[in-house]
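Could you work out the structure for the sequence below:
(2 chains)
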Amino acid sequence: MYKLKFALDKAHELPVSTGKVSPDGTLLATASTDKTIKLWKLQPDGATYWKTLAGHTKGISSVEFSPNSRFLASASDDLTIRIWDLDLAETIQILRGHTYHVTVLKFHHRGSILASGSADENIRIWDLRRAKCMKVLSAHSDPISSLDFSFDGTVIVSGSYDGLIRLFDLETGQCLKTLIYDKSGSSYPVSHVAFSPNSRYISSSSLDGFIRLWDYMNNKVVKTFQNVNGSSVAEKYCLSTGFVTCFEKPLICSGDERGKVLFWDIQSKEIVLQLDTGSHSPVMEVEPISNGKRLMTLCMDGQIRFWESEHE
Amino acid sequence: MNLSLLDPFAVAKEYPDTLIQTLAYGHSTQIRFSQKGDYLASGLADGIILIIDTDTNSTIQVLRDHTRAITSLCWSKCGRYLLSSSRDWKVNLWDLSSCKVIRSCNFECPVWCSVMNPANKFQFVAALVDNDPVFVDVENEPKITQLATSPYGVENPPRQSTLTVNFTPDAKYIFTGTSKGWLNVIETSTAQLVRSLNVCGSNIKNIEISPNSAKLAVNSSDRIIRQYTMPKLEVPVGEWEFELENRYQDAVNRLQWNALRFNHNSEYLCASTLGATHDVYIWETALGSLIKILEGSNDELLAVDWNYRKCWIVASTMDTGTLFIWSVVIPQKWSALAPDFEEIEQNIDYEEKEDEFDYVDEDDMNKQIEEEGEEVDILRREEVDARGFPFVDSFVIDSVPVSE
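The predicted structure is shown next:
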């Protein structure tokens, strides 16, 4: 279903930690433990180096484009979040407040609010217009691994190494609900969470090797996705998942720890496609672009691949 | 989506009751929420208009062109355009994608108020000081049509001027109010006066039509708000009936009402007061009873607006122009913090369930996985939120992070 369009290897000298495609599809940002972010201009058949954003004093673990693709937020182990103006290639804000490594970022769809999660176990909500922290959501007891906003921007879901998935009300900062999967007696760290396109379900990856789809209104898991022959998807690394909706049947996709990208039919839970990235390292990021018509994959060894769907 | 997870009793409250915040962003003289309630436009005494994001309560855009106090503000349905009138004799149409004036119209006198045609952003109606009201089309060169003030079908009416104007929600008619207490109805398509109603003998200050087109409220300087049923707009104008439902007044304090707003379904009406008290009054419109007085302001209140989706009422004060925001405070549900927490009214005796401490083996998860047959739709969105308002994608106004 997907064919390789182009590859971008050795984006950084040191390992690449994360990469994101801008919402307008024209830019790629890659971040690395070498403390820099590199921006690449995307063409249909290749990526050309544009500029480097330097300023963080430690490695970077998350980057996020603003919804209008004009700004970039980056989270670093130096405890700060930087907001970059991409045209100027300069830091325009430094958000200080977290007391340990900042692990994950997410923009509100209107671009005026940024949510950040950290290894200090807190989530912070930032008003970017004033560069101020509006709220601190402290309800987890281990590092935050992942965040997402509902489509209307009123609910934040968070996943943490404490094994809990919590939903927060953006307006009041209250915890609205807690989900925990402890059927087998213990809860494994949650490595990734995401709202479904209609925000009725939440997908969660946890380090017991399963990806689960939650009907959070009814506190239950409605689908469980497993690797080939029931083996685990990921047990060591936080690998991202995505929803692919451009085909006849909606799919959920995630990388595994051996360089494969798996696509499950959401209804039947069957693997309908395995994409071989050619790498043998964990696939950190799988990012569907335009509902999955294109796809970006990023492996831990620094290999970045762009894929295009062959039919719709 | 948050509402469906909150305490349903708190979400079901239909009007605010608690002062939650004040905003001192300049001397505000006019306020108006966008249709979806995600932005608040605040017009200042010096002519500046602020666009405030209601999620962060910070100003995200500053619109500068007017040089005197803003007298009215009106959003387009889509949330992209804003019409403003000012004491500098000017009406501006702003495009909020560029935050620039895209049309402007100068008059030869100050403008009381201007209202955008709900069906066409380039048309508006304005009430002018000591002049007849005008219907203006600014799509190309401004085309100004004078509208009548003298009541329809009355011989030798006294000299009067139009003080306020408003469109019906379907945009077919314009309602205007005069200084001698007449309500005039003008047909939008022909710009002709088609009907008049004598409401009282004094100035009509505001005409409010509920968003669902069910009720009409007329505020006049005789200290009474009169509430009418809105006539059925489909029937010929000659057959319209204005039935007086309620009269709202405070006979004890002799309060003047400053501004008034219906809620979305016209079940409630709120009004800001001018006089000894500094409150917003909320009435229930079916029986006309006063149900809530929003207190907290230390100053007389001027403009008022109702944000239905967030259940906010905002009022601006006269002397300082500070904005007061009342809302519903929803308590934290402690049961939300863990899936097995339960909120109970009183202590209950613990009884061990039959299988409570049974050994659960691995197969339990496999059994659960086997039972996951249900259909899952990840694409189709809910149409309305828990308060019954549809989820709509509205225009997003650019918010630029301020550099340090």
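
from here on, contacts and neighbour counts on C-alpha atoms
Fine.

which residues of chain A score low on pLDDT?
Scanning chain A for pLDDT under 70 picks out A:183-186, A:311-312.

Could you find the closest non-adjacent residue to the residue nearest in space to the middle of it?
Centroid check for chain A by Cα atoms, centre = their mean gives A:Ser240 as the closest residue, at 5.3 Å. Spatial nearest neighbour of A:Ser240, chain neighbours left out: A:Glu285 (5.2 Å); criterion: Cα to Cα, 6 or more residues apart in numbering or on different chains.

same deal with B:Leu255?
B:Leu255's closest residue in space is B:Gly275 (Cα to Cα, 6+ apart), at 5.7 Å.

Quick check: residues of the stretch 201-350 of chain B near chain A?
Applying Cα under 8 Å from any Cα of the partner chain, we find that the stretch 201-350 of chain B lies next to chain A at B:332-333, B:335-339.

where's the dip in pLDDT among these?
The weakest per-residue confidence within those falls on B:Pro339 (81).

My guess is it contacts A:Tyr181. True?
No - look at B:Pro339 against A:Tyr181 with Cα atoms under 8 Å: they stay out of range, at 9.9 Å.

nearest residue to the residue of the stretch 251-400 of chain B found nearest chain A other than its sequence neighbours?
Closest to chain A within the stretch 251-400 of chain B is B:Ala336: 4.3 Å, counting by Cα to the nearest Cα. Leaving aside its chain neighbours, B:Ala336 sits nearest to A:Lys177 (4.3 Å; criterion: Cα to Cα, 6+ apart).

Could you spell out the sheet neighbours of the strand or helix carrying that neighbour, each with its direction?
Using DSSP states H and E, A:Lys177 sits in strand A:175-180. Strand pairing for strand A:175-180, using DSSP bridges, gives strand A:164-169 (antiparallel).

got the contact list for the partner strand?
A:140, A:154-159, A:174-181, A:187, A:189-190, A:193, B:2, B:337 (Cα atoms under 8 Å, 6 or more residues apart in numbering or on different chains).

Out of those, which end up buried?
By neighbour count, with 16 or more other Cα atoms under 10 Å in any protein chain shown, the contacts of strand A:164-169 hold A:140, A:154-159, A:174-181, A:187, A:189-190, A:193, B:2, B:337 as buried.

A:Val283 against A:Glu257, yeah?
Yes - contact criterion Cα under 8 Å: A:Val283 and A:Glu257 qualify, at 6.3 Å.

Among those two, which residue is more densely surrounded?
Legend: neighbour count by other Cα atoms under 10 Å in any protein chain shown for A:Val283 and A:Glu257, higher for A:Val283 (29 against 22).

what about residue 284, how many neighbours?
In the absence of a named chain, chain A is used. By other Cα under 10 Å, neighbour count at A:Met284 equals 26.

think we crossed wires, I meant chain B
Based on other Cα under 10 Å, the number of other residues close to B:Glu284 is 16.

Can you list the residue ranges for helices in chain B?
Taking DSSP state H as the test, the helices found in chain B are B:8-11, B:363-370.

follow-up on the earlier one: and the residue nearest to A:Ser240, what does it touch?
Residues near A:Glu285 by Cα under 8 Å, 6+ apart: A:18-19, A:239-241, A:254-255, A:296-299.

Check the secondary structure at it for me.
Following DSSP: H, G, I helix; E, B strand; the rest coil, we place A:Glu285 in the strand state.

if I look at it, how far off is A:Thr36?
A:Glu285 sits 18 Å away from A:Thr36, going by Cα to Cα, to the nearest Å.

Ok, A:Thr224 next?
From A:Thr224 to A:Thr36 the distance is 37 Å (Cα to Cα).

Show me which residues of the stretch 51-200 of chain A sit near chain B.
So far as Cα under 8 Å from any Cα goes, the stretch 51-200 of chain A lies against chain B at A:92-93, A:110-113, A:127-131, A:134, A:139, A:150, A:152, A:154-155, A:166, A:169, A:171, A:174-180, A:183-185, A:196-200.

one step back: tell me if I'm right that the residue of the stretch 251-400 of chain B closest to chain A and A:Cys175 touch.
Yes - between B:Ala336 and A:Cys175 there is a contact at 6.2 Å, judged by Cα under 8 Å.

show me what contacts the nearest residue to B:Glu241 once chain neighbours are set aside?
Residue nearest to B:Glu241 in three dimensions, not counting chain neighbours: B:Pro231, with 5.5 Å by Cα to Cα, 6+ apart. Taking Cα under 8 Å, 6+ apart, we find B:Pro231 in contact with B:214, B:240-242.

Also A:Asp162?
A:Asp162 is in contact with A:140-143, A:187-190, counting by Cα under 8 Å, 6+ apart.

out of the residues you listed, which one sits closest to chain B?
Using Cα to the nearest Cα, those come closest to chain B at A:His140, 9.9 Å.

pretty sure the closest one contacts A:Ala119?
No - A:His140 lies out of contact with A:Ala119 (Cα under 8 Å); the separation is 10.1 Å.

Can you report how many residues neighbour B:Ile344?
Neighbours around B:Ile344, by other Cα under 10 Å: 8.

And the pLDDT for it?
85.

roughly how far apart are it and B:Asn203?
56 Å.

now A:Thr30
Counting by Cα to Cα, the gap from A:Thr30 to B:Asn203 is 66 Å.

Which one's more surrounded, the two?
Neighbours were counted for A:Thr30 and for B:Asn203 using other Cα under 10 Å; A:Thr30 has more, 25 against 22.

Can you classify the more buried one by secondary structure?
strand.

check contacts around the residue nearest to B:Leu255.
Residues in contact with B:Gly275 (Cα under 8 Å, 6+ apart) are B:254-256, B:300.
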